[in-house]
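Peer 1: What would the 3D arrangement of this be:
(one chain, ligands or ions: 2)
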Amino acid sequence: MRFKPKPFTKAVPFRCLYCLDCCRGRHVYLTLKDIERIAKRGHDPQGFVTFSVEGNTIRFVLAVREWDLGCVFHDPETGKCRIHEANPIICRIYPFMVSRKPLGVEGEKPFHYKGQELWLYYDESCPGINAEEPEVEITPEEIAELGLEFEREFERTDMDGFVKLLDELERG
Ligand code: SF4
Ligand code: SF4
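Peer 2: Ligands and ions are numbered 1, 2, ... in the order given. Predicted coordinates:
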């Protein structure tokens, strides 16, 4: 599904409806920390890590099933994530996003957090935002924090680190 950005400037109520939509046809970048966390739950990186060449950089991307482009950890019957406790940071951020630049959406404004200027959005297509009987209230601060964590981890994710991680995992 396509992300339809709406400015996220104040806390919003949220309850995931497991509508099956957001874990299909997505390009989920993985950081080394994500790969390590998931692997330590007993999943072989060969089964969930794929590579994407972007310019002269190799990125690590979550694998999808061939038959419906659903994430390999998505349970098609319940719509739930099979690794919810360990899922990638990008999945924890969704249905929100953190940008370093404005996207040109009406009503957007910068959010200042820990000395950084960020633009935050939520996906209007996600029916869990402002859902009835919400389970949680999501704040811009918590999403900004996750966004900065993702940036830091993504920056240090490279092939050398991946090879080293595989080696460490093999040695236990
Ligand atoms: S689109 Fe929203 S409500 Fe649907 S599964 Fe994803 S996060 Fe949950
Ligand atoms: S890891 Fe879980 S939350 Fe992330 S795309 Fe896969 S099924 Fe969805």
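Peer 1: From now on I want contacts and neighbour counts done on CA atoms only, so please keep to that.
Peer 2: Noted.
Peer 1: Quick one: low-confidence residue ranges for the chain.
Peer 2: Where the chain drops to pLDDT under 70, the residues are 1, 20.
Peer 1: Would you mind finding the longest helix in it?
Peer 2: helix 140-155 (DSSP state H).
Peer 1: Okay, buried residues for that one please.
Peer 2: The neighbour-count check on helix 140-155 (16 or more other C-alpha atoms under 10 Å) flags Pro140, Glu141, Ile143, Ala144, Leu146, Gly147, Leu148, Phe150, Glu153, Phe154 as buried.
Peer 1: and that helix, is it in reach of ligand 1?
Peer 2: No - using C-alpha under 6 Å from any ligand atom, helix 140-155 never reaches ligand 1; the gap is at least 14.0 Å.
Peer 1: need the next SSE after that helix, C-terminal direction.
Peer 2: Where DSSP states H and E defines the elements, the next helix or strand beyond helix 140-155 is helix 159-171.
Peer 1: isn't Lys80 right next to His74, touching?
Peer 2: Yes - here Lys80 lies in contact with His74, judged by C-alpha atoms under 8 Å, at a distance of 6.0 Å.
Peer 1: tell me the phi and psi of Pro13?
Peer 2: phi -70, psi 150 (degrees, to the nearest 10).
Peer 1: can you give me the helices for the protein?
Peer 2: For the chain, helices defined by DSSP H occupy the ranges 32-39, 45-48, 89-93, 140-155, 159-171.
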